[in-house]
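Asks: Let me see the structure of the following:
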Amino acid sequence: MEEDKRAEKIRILEQQIKPQLSITKRLLSIAAGLLLLLTVAFILRFSIIENKSQEWMVITTGEETYTATLMDNSKIALNKNSQLTYPDFFNNDKRLVKLVGEAFFEIELDAARPFIVETEQEKLSKS
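Replies: Predicted coordinates:
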């Protein structure tokens, strides 16, 4: 008899605990989903920010010359009285620089991303 009373008390306690456990599981599931969503948003936000390239401009005057080594290891020797504009890193489909004046280029070959020199008159490219 006493065992029946204990068993009944245990059953009553289990019935009281089960709804609390299901609510806790549901809340943990929601929290995990929100955490996952926030993590993905955080990663996307900062990867988009990091993909924004900054442009650099070099201007040589008089007898001054300048040599630049770009992120892809291409080298550019800028002649006097010239201007070169280039990004701090290239995007996935092309490598574009802008030139006013004269320069000598040693281009690292990359068939997937052609190297394009944009001048006042035309665009020249090398894959």
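Asks: ranges for the helices of the chain?
Replies: Along the chain, counting by DSSP state H, helices occupy 2-50.
Asks: quick check: domain ranges of it?
Replies: Here the domain assignment for the chain is 1-52, 55-126, based on automatic domain parsing.
Asks: Quick one: mean pLDDT for the first one?
Replies: Per-residue pLDDT values across domain 1-52 average out to 73.
Asks: related to what we said a few turns ago, among the domains of the chain, which is the most enclosed?
Replies: Most buried of these by mean neighbour count (mean count of other CB atoms under 10 Å) is domain 55-126; its value is a mean of 14. (C-beta placed from N, C-alpha, C; glycine too.)
Asks: tell me the mean pLDDT for that one?
Replies: 88.
Asks: What are the neighbouring residues in contact with Asp93?
Replies: Counting by CB atoms under 8 Å, 6 or more residues apart in numbering, Asp93 makes contact with 112-113.
Asks: Asp110 versus that one, what's the distance?
Replies: 11 Å (CB to CB, to the nearest Å).
Asks: Over to Glu55?
Replies: 20 Å.
Asks: residues touching Glu118, list them.
Replies: So Glu118 contacts 96-99 (CB under 8 Å, 6+ apart).
Asks: any chance of those in CSV, with distance to Arg11 too?
Replies: Output for the contacts of Glu118, formatted as CSV (distance: CB to CB, whole Å):
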residue, distance to Arg11
Leu96, 74
Val97, 78
Lys98, 80
Leu99, 84
